[in-house]
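Novice: coords please:
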Amino acid sequence: MAKTENFETWLSGIALESKEDVYDLYNSINNFERSGKFYTSKEVTNDGYEYLVKADGLEDHLHLDSDETKFAFIDHLKSNYTDADAADIDVWSEMKKDLGRLD
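Specialist: Okay, the predicted model is just below:
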């Protein structure tokens, strides 16, 4: 198991194939739990918290060394993998689910 702190490197190794995958990743990081193919653990450090994000089928884990880094990753995910505007990913996901039911 290797750890990386580079968002793009880690994301290039996983397949975010659908909006559900994007939401599962966000949900895992936000709630420190298993969601879909992702699992995030939260560890206490001397300076606060750090997070380790695992994806099924990927040996490397994403290491988020602080809350600031966690929020930067969530912003990166929102900006590059959703069409969410100022709203959060929860609102985006609910909107996509509602639109999917109407189609």
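Novice: switch to C-alpha atoms for all contacts and neighbour counts from now on
Specialist: Fine.
Novice: Surely residue 51 is in a strand?
Specialist: Yes - counting by DSSP: H, G, I helix; E, B strand; the rest coil, one finds residue 51 located in a strand.
Novice: where's it relative to residue 18, distance?
Specialist: Applying C-alpha to C-alpha, to the nearest Å, the value for residue 51 to residue 18 is 24 Å.
Novice: Ok, residue 10 next?
Specialist: Relative to residue 18, residue 10 is positioned 17 Å away (C-alpha to C-alpha).
Novice: Same question for residue 66.
Specialist: Distance from residue 66 to residue 18, counting by C-alpha to C-alpha: 28 Å.
Novice: Show me which of these two is the more surrounded one.
Specialist: Counted by other C-alpha atoms under 10 Å, residue 66 and residue 18 do not tie: residue 66 has more neighbours, with 18 against 10.
Novice: For the nearest residue to that one once chain neighbours are set aside, give me its contacts.
Specialist: Leaving aside its sequence neighbours, residue 66 sits nearest to residue 50 (C-alpha to C-alpha, 6 or more residues apart in numbering; 4.9 Å). Counting by C-alpha atoms under 8 Å, 6 or more residues apart in numbering, residue 50 touches 42, 43, 44, 63, 64, 65, 66, 67.
Novice: State the helix or strand in which the third one lies.
Specialist: Same thing as residue 44. strand 38-45 (DSSP states H and E).
Novice: Tell me the buried residues in that strand?
Specialist: Residues 38, 39, 40, 41, 42 are the ones in strand 38-45 that count as buried (16 or more other C-alpha atoms under 10 Å).
Novice: Do I have it right that the fourth one meets residue 32?
Specialist: Yes - proximity of residue 41 to residue 32 meets the contact threshold set by C-alpha atoms under 8 Å, at 5.4 Å.
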